[in-house]
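J.: sharing a sequence plus its predicted fold:
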Amino acid sequence: MNTHVIIYDGYVSFEIMLAMYLMKTKGHIITVGISSDPVRSYEGLMVTPHQSLDEISDRDIEAFIIPGGDISAIQQNERLVSLLKRLNTDHKYIGAICSGVDLLKQTGLLEGKRYTSNDAGHSAAFKVHDNLITAKANGYVDFAIALGQMRGIYSDEADYEETIRFFKYFENA
């Protein structure tokens, strides 16, 4: 399973770390940049993307994650917007958290769909609708666990429940 994650200057890494950790248990994480240049996360991490948008192929993407942060650097990128629309048409999994949800809304992908966002009118920590999962910034644990469920990474119900107990409720495994 390939999970691609867009990274950009100002992306918030903590919102997606658990999701990447869980997805890595059953596949590969591929970070994608607008270019191949290193980016600085909100937290100050310097990260070099594995690939640029020009280098990826839709065929290789099974899931695509959009972290929150300052999306101004990516929201007008026509390649990214076009990619997101194609992935949605192909029913690939798309996850967006915090301001990443705003990017999905801007592309029109959330029209007629159930979703949550940081807007005051949305109370749910996360929402799943077909191939899309959206979450508020503080819904990062639920976001990661639900994305894992969507992707079928848990070996059985006991594995799923153990993941919830460990990561959401901090119980020993």
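T.: Happy to help now that I have it.
J.: what about the helices in the chain?
T.: Defined through DSSP state H, the helices belonging to the chain, from first to last, are 14-24, 78-89, 99-107, 140-151, 157-167.
J.: just how off-centre is the second one within its chain?
T.: Relative to the centre of its chain, helix 78-89 is centred 14 Å away, using CA atoms, centre = their mean, to the nearest Å.
J.: now the third one
T.: On the basis of CA atoms, centre = their mean, helix 99-107 sits 12 Å off its chain's mean C-alpha point.
J.: and the contacts of it?
T.: Outside helix 99-107, the residues within contact range by CB atoms under 8 Å, 6 or more residues apart in numbering are 65-71, 74-75, 81, 84-85, 94, 96, 110, 115-118, 132, 134-135. Every C-beta, even on glycine, is put in place using the N, C-alpha and C of the backbone.
J.: quick one, which of those residues are buried?
T.: Applying 16 or more other CB atoms under 10 Å to the contacts of helix 99-107, the neighbour count classes 65-69, 71, 74, 81, 84, 94, 96, 110, 115-118, 132, 134-135 as buried.
J.: and the residues you listed, which of them are in strands?
T.: 65-66, 94, 96, 132, 134-135 (DSSP state E).
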